[in-house]
Structures are given as structure tokens and as C-alpha cells.
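Chemist: below is the sequence, then the predicted model.
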There are 2 protein chains.
Amino acid sequence: MRKVLVPLGARSYPVLVDGGLIDSVGPRCRAHGWAARCAVIADGNVAPRFGHRVITSLKDAGFNPTLITLEPGETSKRLRVVEKCYDALARHRLERKSFIVALGGGVTGDLAGFVAATYLRGVPFVQMPTTLLAQVDSSVGGKVGVNLSAGKNLVGAFLQPRLVLCDLATLSTLPEREYRSGIAEVIKYGIIYDAALFRRLERDMEALLKRDLAVLGPVVARCCAIKADVVGQDETESGLRAILNFGHTIGHAIEAITAYGRYLHGEAISVGQVAAGLLSARQCGLSTTEVERMRALFARAGLPVSIRLTKAQRMRLHAAMRLDKKVKDGEIKFVLARRIGEVAWGQAVKDTDIEAVLDELARNA
Amino acid sequence: MRKVLVPLGARSYPVLVDGGLIDSVGPRCRAHGWAARCAVIADGNVAPRFGHRVITSLKDAGFNPTLITLEPGETSKRLRVVEKCYDALARHRLERKSFIVALGGGVTGDLAGFVAATYLRGVPFVQMPTTLLAQVDSSVGGKVGVNLSAGKNLVGAFLQPRLVLCDLATLSTLPEREYRSGIAEVIKYGIIYDAALFRRLERDMEALLKRDLAVLGPVVARCCAIKADVVGQDETESGLRAILNFGHTIGHAIEAITAYGRYLHGEAISVGQVAAGLLSARQCGLSTTEVERMRALFARAGLPVSIRLTKAQRMRLHAAMRLDKKVKDGEIKFVLARRIGEVAWGQAVKDTDIEAVLDELARNA
């Protein structure tokens, strides 16, 4: 078992990475001394697959869990669904010392985390990510929240989980497209922080796509360690943490203008990262060779690297970017790469450069 | 001008108490260096009365404010209204460094504070309480949130405001019943923390009811100072802060079973405090003389001190109390008084004692 500590003083917590962790959740929660009543939140795909094992483990450890099931998909990440969760928690009479377990992907973790951050002004929270994307990204770092029709993640909170259990065995049943979507975030860590990881991914992409545990284990743990390192230095994104948003400004806007339907998150940020690479070549001196290595690696992972937008869609894309949380006094701030493994945040970008990059992205679409 | 500091390290903030503070909000916010776009949230009674002055002060200081108007009343304190506020903030394109001003009573402050705590994962927040209850209680201390149909304040967060402006002049137009409702919280501070304040209220109740500024100014400032002292020692209610809930367990339950319609908050906790006094006499040795002094002071303030509940209502009252946030492993914890000026929190109370006290409360109803 690999163990990564997220270093946040009294709120530090471990991220455990291994196969078969699901069945250990009960005793691990017991060690915290929480109240008996608790809730497990999972969507309609994950609940039938793993819900029973989690509930059994909790019951065997003396807890009284209720299972709350969500409709699968990004459209569940909204306030109406949050309200339904609150009502279920009230019915099960959760208390301040009760805890909530998020079992599933990023949508479940973000939503359940927001519920945990706000129910009774905050209850303890455990992440059990069952997708690659959630294991390497959304389950670690304490960003939780939901979407508005005006934009993604516009509502939320910072709530660090008390424990993250990344059970690698749960990835074996993940649909191919979702698994590849997670690889977009894995590649991101190489670009923003770790050139050696990027080279390892260039070398081992085929084994990673086969979900070879000998590659997957160390890669997932390395991604969590990078995120822990960044979050430990800048929990609430006053600076450094912004680098985790590489590719996300355009990526989020693509998701917004397609109503979160056409692209999975990882697919949108794959296009977004290629766009950020092209912007970096224009503004930060990123070499065209490295832009090409980035594009090639996303393509090998089966991720989209181009997009063709109509004029109307481009206008909506710009409007969506202006709603991005990184906007300061109306100016959009980008994360750009100097080279693979090193990025700079808070970079202003000219609209004309964005237009030129959108032209480039359309060329091969 | 009286100034009380809420001592919370880097998150310390001042509570200013004076007449005419409304027109100073713009320059005071300017000093913080926040972004230009901001929002003022007020209800349909307060907005026409004071909204224009707040907006003018903000504009004159170079801000770009939008005014969001709520339906008046406790029924606005719910998630649907929170969502409408989010949508308005997105339309006005608020940014992370933007700020939200709550202008009004406790409902507005609690709701706007929850919006500020969660929009873009948190933006700066200013309280401008215009009711006595909000000035002495809800605007100070950082508890924000909304109600669920299952219970009051079940959803929320801790978000300390950056500034609290208690403009005493706004109290002159407050409806009589609302003003008296605020006095229930004023009396509470005497009971839980300050026997001298209680005696002062016994002496000056008539002047206070006439809203005599010579009495009102020091009383409001003293209540804020007590709250600041308590919150400074225990921000997130792991112990001491619970004393502020004196009378609130039964008071909240009364509000819940009457669907937040029949009683104002202060009226409900007036009954709740008399009930807590009677329980204290049974369990904590509070003298019957002091119970009677408490009851007499609430009565002189024109507040209800008795209630007659049907058997069905009593059952719903018990159920509502079990949903209280202070419940631990199914046991309801009460704040009880040893004497006027000194209370103990975390006290278990027998259901039979609650029944006996409800009988006493019904006797004079």
C-alpha cells in the first residue's frame, strides 16, 4: 500500500493507494471516533457495484449508514440534488459528529463534499474515488462544489477530507472512455510539475491504457503526491495552486458551452491543455517540439486534441471564460508552460491570441 | 462611535455601533482593496428604505454594485432563494475579490452570508444589520446558513464578516413587534454572561422600549462585546459558544412546528428561555426567584412567556428537537442556568422534565 500525506497542519490527512481498500473503510472510520449515523453517497452506476461492500464494512464496524443514490452524470452536480441529499441526511438524523462518504467519481466527490461542508455547517468527510480522474485529482485537496447554469464549479467550499481511499481495483470496471478521460489529468501533472513523470508516461502509455497495476499504482500515487505538495503550500489558491488549472480555463468553457454533455471533463481539458500549450508557445517561449510532444501524448491516450467551433460558439466560449473564477477585474488569467515540467500562473492572454489558437485547433478537427 | 473587535487572529474584524453608519460603507470597503463589482442583498422592506443610500455610498467610492432584493420573511431563508442570488451574482459577474453586503435583519444576513461563503468558494462579506436582533446577535460571529423543511439552520457555514456596521438610526423605523423580538436576545446575554447587564435591563427596560439612544448604544455594544468574547474563545462551537443557544433548543423547535409563521424568532426564544429557566430550576438549582425575574423581564418587554401545545404538537416538538444540531448520539444537549449571569452547556435533560415544563408553560397560556 502506498500512502501520501497531504500536509495541512491539524487538518493533514492520508491518501491511501492500493487494491481492495474498499472493504477496509469501516475500521478506518472507526478509528476516528465519529458518531454511529453516517451516509454513503454514490451514483446509480457505482452504488450497485460497490455500495454493498462499503455499507457492509461500515455496519461491521458498528456504524449505522444510509446509502444515498444519485443519477449518474455531471448534470447531478447541482443545487437541486444537493437539497435532496440534505433531506435524506435529515431523515437519517445525521449529527455533527456523523460523517459522509463519497463513493464514486469527481461528480459524486464534489457534490458529496459540498453537502458535507454545509450540512450542520460541516461534518467529517471521506473520499473513496472509483475513477482514475477522481483518484488523481478531485478527491485530494478539498475543493468541493456544484455547477450553476452560468458556469462550472461556481458554487462551492474548501473542505479537506479526513481520509482518501484510492482502491485501484475499482478502476478495472471503469468504461474505457472514462478511464482515458482520467489520463488527461495524469498527463497534466507531468506538464505542470514533473518532466520525469511526463517521460514515464511517454514510455508506459500502452501499459497504463491496459490498466497494468505495476504502472498504475506508482503513477496514481505520484499524481496524488504532486497534488498534496501543491495543496500543502497553497490550500485556498492564493498563488501556486492555480497551476493545477492548466488547460482548465478553456476546458471549462468548452464544457459550459456544450452544456456538460458532449465532452467528459478529461476530454475537454485535453483540448484545453493543447490550447494552453499553443498559447504558451506564443507567449512563454514553449518550444514547438514540446507542444508537439504534449499533443502526441494526449492523442496516444485517445483524447481529443482539436475542436472546431462556429463563430457563435466562439463568442459563447469567450463569455464563459469571463465567468471563470480566475478572472480579476475583468481580466482572464491563464496558466502557461515555459517547458514541460514548469509552468507560470496568472498570465494575461490577448483575445487575438486565443482566436489564433482556436484557428489552429480547428485545423485538424 | 463604539467599536468592538471580534478577536480571531488574522480573521479579526471590527463591529462599529453608531447612528448614521450606513452612508460610510463605501469608503470603509474601499480601504480593503476589493474588486469593483459587488452586490448588496436586502429584502423588499429594507431595500426601498436604505438600499439607495448604500448603493450611492458604494458608487461614490468607485464600486459597481448590484442590488438583489428578496421577499421579506423567514421563508426566504432557503436554498431556492440562495440559487436565485447565485444567478444574480453570475449575471453581475462577481469575482473572487468582489464582496457581498448583507443589508437587513437576521434572515438577510444569514442567507447573504451563506451565499458569500459558497459563491466562488467564498468572497468577502460585510454585515449591515438593520434590526435589533441582527445587531446584537446574528451579524456577529460568522454563523450563516439557511433552513430546510426538516429544521432551522440545518445547512450553513462559518464565514466571519470582514466588517459589521450597526447603524442605530435604522432601528427607529423597525416595527414594534420586531424590535421587541430583538430584546429577547438582549436579555439572553444578561442571563448567560452578565448579571449586571440583566439588572440594567430590569432598570432601563422602559427607556430601551422607547429606543432611547442613550440606553440603546451601550446595550447594543455590550451585547456585541459579549458575543465577540465568546466567539473569540470558541469560533466553531466546540464548547463555550453553545451558551449562546440558551433557550434555542425549544425555541427553534417551536419555530419548526409552527412552520416559521406564528412566532418571530425572538418570540420563540423568549418562550424557549422561560422553558430553559424552568428546566434549570429542576436540574441546576436555579432559584425560583430568578426564574420569576427572568419571566417578568421577558413579559415587560412584551414577549410571550407561555405556550399551550396539543398532544400532537408536543410529539412534533420532541421530533424537531431531535433534529437539533446539538444532538450527540441521539441525546439532546441543553444550556441551563445556575444563576442569572452563569450557565452550563451540554446538559442532558429527561423527556419527563420537558413534559413537566411544557405543562407549566401551558398553565398561564
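Modeler: Perfect, I can see it now.
Chemist: you'd agree A:Lys59 is up against A:Pro65?
Modeler: Yes - A:Lys59 is in contact with A:Pro65 according to CB atoms under 8 Å; the separation is 6.6 Å. Bear in mind the C-beta positions are built from the backbone N, C-alpha and C, glycine included.
Chemist: more neighbours, these two?
Modeler: A:Pro65 (26 against 12; other CB atoms under 10 Å in any protein chain shown).
Chemist: which ones are touching that one?
Modeler: Residues in contact with A:Pro65 (CB atoms under 8 Å, 6 or more residues apart in numbering or on different chains) are A:Arg37, A:Cys38, A:Ala39, A:Val40, A:Val54, A:Ile55, A:Leu58, A:Lys59, A:Val101.
Chemist: residues in a beta bridge with the second one, which ones?
Modeler: This points to A:Cys38. A:Pro65, A:Phe99 (DSSP bridges).
Chemist: check the spacing between it and A:Leu94 real quick.
Modeler: 7 Å (CB to CB, to the nearest Å).
Chemist: overlap in contacts of the two?
Modeler: Common neighbours of A:Cys38 and A:Leu94 (CB under 8 Å, 6+ apart) are A:Ile100.
Chemist: on that earlier part again, for the contacts of A:Pro65, pick the one with the most neighbours.
Modeler: Among these, A:Val101 has the most neighbours (other CB under 10 Å), with 29 neighbours.
Chemist: how close does it get to B:Gly330?
Modeler: Taking CB to CB, one finds A:Val101 at 21 Å from B:Gly330.
Chemist: cool, and A:Ala365?
Modeler: 60 Å.
Chemist: now swap in A:Gly247 and tell me
Modeler: From A:Gly247 across to B:Gly330, the span is 48 Å (CB to CB).
Chemist: and A:Gly285, by the same measure?
Modeler: To B:Gly330, A:Gly285 is 64 Å away according to CB to CB.
Chemist: A:Asp204 now?
Modeler: For A:Asp204, the distance to B:Gly330 - CB to CB - is 52 Å.
Chemist: so if I had to pick from those two, which one is more boxed in?
Modeler: Neighbour count, other CB under 10 Å: between A:Asp204 and B:Gly330, A:Asp204 has more, with 17 against 11.
Chemist: okay, A:Lys326: pLDDT?
Modeler: Looking at A:Lys326, its pLDDT is 68.
Chemist: show me what contacts the most centrally placed residue in chain A?
Modeler: In chain A, the C-alpha nearest the mean C-alpha coordinate belongs to A:Ser138, at 3.1 Å (CA atoms, centre = their mean). A:Ser138 is in contact with A:Gly105, A:Gly106, A:Gly109, A:Asp110, A:Pro129, counting by CB under 8 Å, 6+ apart.
Chemist: could you dump those to a markdown table with pLDDT, neighbour count and secondary structure?
Modeler: Listed next are the contacts of A:Ser138 as a markdown table, based on pLDDT from 0 to 100; neighbours: other CB atoms under 10 Å in any protein chain shown; DSSP: H, G, I helix; E, B strand; the rest coil:
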| residue | pLDDT | neighbour count | secondary structure |
| --- | --- | --- | --- |
| A:Gly105 | 95 | 30 | coil |
| A:Gly106 | 93 | 24 | helix |
| A:Gly109 | 98 | 31 | helix |
| A:Asp110 | 97 | 25 | helix |
| A:Pro129 | 98 | 29 | strand |
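Chemist: and of those residues, the nearest to chain B?
Modeler: A:Asp110 (11.4 Å; CB to the nearest CB).
Chemist: mind listing what that closest one touches?
Modeler: A:Lys77, A:Ser138, A:Lys143, A:Val144, A:Gly145, A:Val146, A:Asn153, A:Gly156 are the contacts of A:Asp110 under CB under 8 Å, 6+ apart.
Chemist: which residue, other than its chain neighbours, is closest to the last one?
Modeler: Closest residue to A:Gly156 in three dimensions, ignoring its sequence neighbours and counting by CB to CB, 6 or more residues apart in numbering or on different chains: A:Gly145, at 2.1 Å.
Chemist: the helix or strand that neighbour falls within pairs with which strands, parallel or anti?
Modeler: Element membership of A:Gly145 [criterion: DSSP states H and E] is strand A:143-148. The strands beside strand A:143-148 in its sheet (DSSP bridges) come out as strand A:151-158 (antiparallel).
Chemist: centre of the chain to the strand it pairs with, how far?
Modeler: Distance, stretch centre to chain centre, for strand A:151-158: 13 Å (CA atoms, centre = their mean, to the nearest Å).
Chemist: can you list contacts of it?
Modeler: A:79, A:110, A:113-114, A:117-118, A:142-148, A:235-236, A:252, A:255-256, A:260, A:320, A:323-325, B:86, B:90, B:117-122, B:157.
Chemist: out of those residues, which are inside strands?
Modeler: A:Lys143, A:Val144, A:Gly145, A:Val146, A:Asn147, A:Leu148, B:Ala157 (DSSP state E).
Chemist: ok, and the most crowded of those?
Modeler: A:Val144 (29 neighbours).
Chemist: what's around the nearest residue to that one once chain neighbours are set aside, how many residues?
Modeler: Spatially, and ignoring its direct neighbours in sequence, A:Val144 is nearest to A:Gly113 (2.9 Å; CB to CB, 6+ apart). Taking other CB under 10 Å as the criterion, the count of residues near A:Gly113 is 28.
Chemist: which ones are touching A:Gly113?
Modeler: Contacts of A:Gly113 were listed using CB under 8 Å, 6+ apart, and they are A:Ala102, A:Phe125, A:Gln127, A:Gly142, A:Lys143, A:Val144, A:Gly145, A:Ala157, A:Leu159, A:Pro161.
Chemist: same thing with A:Glu331?
Modeler: A:Glu331 touches A:Ala348, counting by CB under 8 Å, 6+ apart.
Chemist: okay, it and B:Trp34: tell me how far apart.
Modeler: For A:Glu331 relative to B:Trp34 (CB to CB), the value is 16 Å.
Chemist: so stretch A:9-28, near chain B or not?
Modeler: No - on the criterion CB under 8 Å from any CB of the partner chain, stretch A:9-28 is out of touch with chain B, staying 12.4 Å away.
Chemist: what residues of that stretch count as buried?
Modeler: Buried positions in stretch A:9-28, judged by neighbour count with 16 or more other CB atoms under 10 Å in any protein chain shown: A:Tyr13, A:Val15, A:Leu16, A:Val17, A:Asp18, A:Gly19, A:Leu21, A:Ile22, A:Ser24, A:Val25, A:Gly26, A:Arg28.
Chemist: check stretch A:191-211 too.
Modeler: A:Ile191, A:Ile192, A:Tyr193, A:Asp194, A:Leu197, A:Phe198, A:Arg200, A:Leu201, A:Asp204, A:Met205, A:Leu208, A:Leu209.
Chemist: also stretch A:34-49?
Modeler: A:Trp34, A:Ala35, A:Arg37, A:Cys38, A:Ala39, A:Val40, A:Ile41, A:Ala42, A:Asp43, A:Asn45, A:Val46, A:Ala47.
Chemist: which residues of chain A lie near chain B?
Modeler: So far as CB under 8 Å from any CB goes, chain A lies against chain B at A:35-36, A:79, A:82-83, A:86-87, A:90-91, A:93, A:95-97, A:114, A:117-122, A:143, A:145, A:148-151, A:154-158, A:236, A:322-323, A:325-330.
Chemist: which of those count as buried?
Modeler: A:35, A:79, A:82-83, A:86, A:90, A:93, A:95-97, A:114, A:117-122, A:143, A:145, A:148, A:150-151, A:154-158, A:323, A:325-327.
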